[in-house]
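>>> using only what follows, build the 3D model:
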Amino acid sequence: MSLLQAVLQKFRLPDEMDSATEPEQDMSLTGLMQKYAALIDLQSRRQLITVHMDEQRESFQSLILDINFSQKVLVLDELFPTQPQPLAGQILHFSHQHMGKILQFSAPIIEQQTIAGSPCYLVPLPDTLGYRQRRRHPRLGYEDICLPVKLQSPWRSHWFGSLQNLSASGMRLCVNGDKLKEISRGSRIPNIEFELSRNLRIKCEGKVKSFRFLRRPQRQTEISIEFAAMNSEQYALISHYVDTMLAQSYRAA
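Got it, this is the predicted structure:
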């Protein structure tokens with residue numbers, strides 16, 4: 001018996017398993033496999049999933065080691081790159097993006113085990129699961145264009161960033177240096193200023209949705225911001241600008 005099977009064996013409930021007939025087990029298993037097809041696919045393709053923990057600024061990644069349908073338990077590999085040690089009962093928030101859609105669920109840690117000297121985590125399978133459309137608003141990329149953004153940090157420090165992408169609801173930008181100690185999810189950005197054209201200057205507030213520190217190609221912090229305190233006219237102008245630029249790029253292609 002493998003180490004992973006040994007870990008799962010302690011969660012087996014023989015009375016419950018023996019009480020069901022084979023046809024009932026087959027029908028139940030078929031339904032579960034359909035319900036959790038997305039997780040089965042992630043496990044079979046060894047796809048990394050993103051993991052967030054409450055009160056942790058950085059995100060982590062992990063792999064699905066096993067899915068125990070009889071006990072409705074998901075077995076996850078250790079978290080990396082920094083290998084934190086979450087405790088039993090702590091809530092983990094999982095996500096995976098695929099073709100513009102996102103899979104998200106949260107679950108508490110049932111128990112931590114060790115396989116071949118490395119930790120693994122057992123969490124209950126979610127009650128509902130499925131990919132959903134990630135964005136309601138089209139997004140315009142600025143990977144090849146440097147568009148400056150001036151903003152104030154939650155601590156009122158003056159930052160200068162470069163726009164990465166833009167939609168009517170928010171933006172992603174990069175700021176030089178490590179800013180992880182100055183921001184957290186939900187932090188208010190009191191001032192954001194940027195200019196899309198000579199006649200289109202935007203000034204608004206924002207809220208930090210996510211962020212990460214990048215070491216390459218240079219040390220910088222990537223921040224995703226949701227616009228706030230924006231009037232309907234500004235919202236309409238940005239939406240029209242994004243739609244127009246996307247339409248032009250599609251025609252050029």
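>>> mind checking the SS state of the closest residue in space to L196 that isn't next to it in sequence?
Nearest in space to L196, with sequence neighbours left out and distances taken as Cβ to Cβ, 6 or more residues apart in numbering, is Y241 at 5.6 Å. (Each C-beta comes from the backbone N, C-alpha and C, glycine too.) Under DSSP: H, G, I helix; E, B strand; the rest coil, the three-state class of Y241 is helix.
>>> can you list the domains in the chain?
Split into domains by automatic domain parsing, the chain comes to 3-133, 140-252.
>>> so, low pLDDT: which residues of the stretch 51-200 of the chain?
55-57, 100, 133-136 (pLDDT under 70).
>>> what are the ranges of the helices in it?
In the stretch 51-200 of the chain, no segments count as helices under DSSP state H, counting those that start in this stretch.
>>> returning to what we had before: what's the residue nearest to L196 in contact with, if anything?
Neighbouring residues of Y241 by Cβ atoms under 8 Å, 6 or more residues apart in numbering: 196-197, 200.
>>> could you do Q112 as well?
85-88, 119-122.
>>> and those residues as TSV, adding distance to N231 and neighbour count?
As requested, the contacts of Q112 are arranged in TSV below (distance: Cβ to Cβ, whole Å; neighbours: other Cβ atoms under 10 Å):
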residue	distance to N231	neighbour count
Q85	47	10
P86	42	19
L87	46	7
A88	48	11
P119	50	16
C120	50	21
Y121	46	24
L122	49	23
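>>> nearest to R185, of the residues you listed?
P86 (17.3 Å; Cβ to Cβ).
>>> SS state for R46?
Here R46 is coil, with the state taken from three-state DSSP.
>>> next one, pLDDT for it please.
The score at R46 is 95. That number is its pLDDT.
>>> dump the contacts of Y241 to TSV, plus neighbour count and distance to I67.
Converted to TSV, the contacts of Y241 look like this (neighbours: other Cβ atoms under 10 Å; distance: Cβ to Cβ, whole Å):
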residue	neighbour count	distance to I67
L196	17	47
S197	7	51
L200	13	50
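>>> the residues you listed into CSV, with extra columns for distance to L32?
Output for those, formatted as CSV (distance: Cβ to Cβ, whole Å):
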residue, distance to L32
L196, 49
S197, 54
L200, 52
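>>> gap between the two ends of stretch 213-233?
34 Å (Cα to Cα, to the nearest Å).
>>> pull out the buried positions in that stretch.
Residues of stretch 213-233 classed as buried by neighbour count (16 or more other Cβ atoms under 10 Å): 220-227, 230.
>>> now, which of the contacts of Q112 sits nearest Y36?
L122 (15.4 Å).
>>> what bridges to that closest one?
V75, E111 (DSSP bridges).
>>> state the distance from it to L42.
17 Å (Cβ to Cβ, to the nearest Å).
>>> which strands and helices lie in contact with the longest strand belonging to the chain?
Longest strand of the chain, by residue count under DSSP state E: strand 200-214. Under the contact criterion of 3 or more Cβ pairs under 8 Å, 6 or more residues apart in numbering; DSSP states H and E, strand 200-214 touches strand 170-176, strand 188-197, strand 220-228, helix 232-252.
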